[in-house]
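1. All I have is the shape, not the residue letters:
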């Protein structure tokens, strides 16, 4: 069983030999290859080579293609900057009012902004790794997160209280259409699954009730419009235990859970309706810890997955820092091989 087969079997709940490992580590990959984040984001050949090299050298099963959180927002009118060699950030959001969101247009993934560069990275990477490795091609932000970047996160939070709901919903529906178009293009380019990050939807920023009103229905529509034949992963940063049921109800085949999530509790709620990617702490464990600590934490989440007979892929809970020690990346692969074999 090769890495791609192993990962897809885990996602679908089919028999497989051991727990697969995925890495959300583009910043680490770029630094390891000697690339600035801007160079990584604008050069598909170099980005694909760096991603393939890291996967082969560290022996993990699933590559996650990501550049930054601004690709869709930029294609829809936002101005970006690359501060101090870091991934892109929004320098200016285009929506002066939430009512302006009704006039947003859906970008063409093959033509607008950096979307074509992201897709070309996916195509090149698929040719490089063939059928041996799984590829998750991110489709950037989920609907609520994308609207936050287009409007400005703080202003959107005020809009949730002050603006007419129908104006927010109109903008969110256009954000769904933009995301789905890019997600479909990622799969057509060679990804085994696509994914969205909807970090503004987490419990640290909005209440579970607001999540169920302003975010979850649009994530659910996103999955519906993407289609049952196309695998979708949903990632929400930070604490998410109180919204897990809603996340499952979106229909997403994969949930990427942050290290702040109580994974054992979530396994019980999810009850194998979705596959879980997670949830090793990228900061205090992968960045600051030792290989022994990494293996200890990996063993704990693997054992939890085994207790629940869960569909599970070992993965960082969020983006791995660029200066993470390489031996800690390797320790995740080693832990999956040592502790992740499934009992027959």
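-> Nice, I can see it. All values reported here derive from a predicted model rather than from experimental measurement. Residues are numbered from 1 along each chain as shown.

2. going forward, measure contacts and count neighbours with C-alpha atoms only.
-> Fine.

3. pLDDT value on residue 76, please?
-> For residue 76, the model assigns a pLDDT of 98.

4. Just give the number of residues close to it.
-> 22 (other Cα atoms under 10 Å).

5. again, but for residue 260
-> Number of residues near residue 260 (other Cα under 10 Å) recorded here: 15.

6. for residue 228, same thing?
-> 12.

7. How about the one 3 residues further on?
-> By the criterion of other Cα under 10 Å, residue 231 has 23 neighbours.

8. let's number from 9 now, not from 1
-> Okay, residue one is now 9; in that scheme the one you just asked about reads as residue 239.

9. wait, doesn't it sit right on residue 201?
-> Yes - here residue 239 reaches residue 201: they are 4.7 Å apart, a contact under Cα atoms under 8 Å.

10. Which of the helices or strands spans residue 154?
-> Using DSSP states H and E, residue 154 falls within helix 151-159.

11. What lies in contact with that helix?
-> 78, 80-81, 84-86, 98, 101-106, 162, 164, 179-181, 183-184, 187, 205-209, 222-223, 226-227 (Cα atoms under 8 Å, 6 or more residues apart in numbering).

12. Let me see the mean pLDDT of that helix.
-> 98.

13. Same check on stretch 73-80?
-> Mean pLDDT, computed over stretch 73-80, is 96.

14. Just checking the distance from the lengthiest helix in the chain to the centre of its chain.
-> If you go by DSSP state H, the chain has its longest helix at helix 173-197. When distances are taken as Cα atoms, centre = their mean, to the nearest Å, helix 173-197 is centred 16 Å away from the chain's centroid.

15. Okay, buried residues for that helix please.
-> 175-195, 197 (16 or more other Cα atoms under 10 Å).

16. Then stretch 80-93?
-> Using 16+ other Cα under 10 Å as the test for burial, stretch 80-93 gives 80-88.

17. what's the span of that stretch from first residue to last?
-> Length of stretch 80-93, first residue to last, Cα to Cα, to the nearest Å: 20 Å.

18. what residues are up against residue 336?
-> Counted by Cα under 8 Å, 6+ apart, residue 336 has contacts 294-295, 297-299, 302.

19. Tell me the confidence at it?
-> So, for residue 336, pLDDT stands at 98.

20. Same question for residue 352.
-> 51.

21. Residue 339 and residue 302 touch, don't they?
-> Yes - shown here, residue 339 and residue 302 form a contact pair, counting by Cα under 8 Å, at 6.3 Å.

22. Between the two, point out the one with more neighbours.
-> residue 302 (26 against 21).

23. Next secondary structure element downstream of the helix or strand containing the more buried one?
-> Under the criterion of DSSP H and E, residue 302 resides in helix 299-315. Next helix or strand after helix 299-315 toward the C-terminus (DSSP H and E): strand 320-324.

24. and that next one with helix 299-315, angle?
-> 150 degrees (axes from the mean of the first three to the mean of the last three Cα atoms, to 10 degrees).

25. contact partners of strand 320-324?
-> 15, 18-19, 27-32, 266-267, 283-290, 306, 310, 313, 340, 344.

26. Out of these, which sit inside helices?
-> Using DSSP H to define helices, the subset of the contacts of strand 320-324 located there is 15, 18-19, 306, 310, 313, 340, 344.

27. Show me the strands in the chain, by range?
-> In the chain, the strands defined using DSSP state E lie at 30-31, 70-73, 87-89, 97-100, 142-149, 201-205, 240-244, 262-265, 283-288, 320-324.
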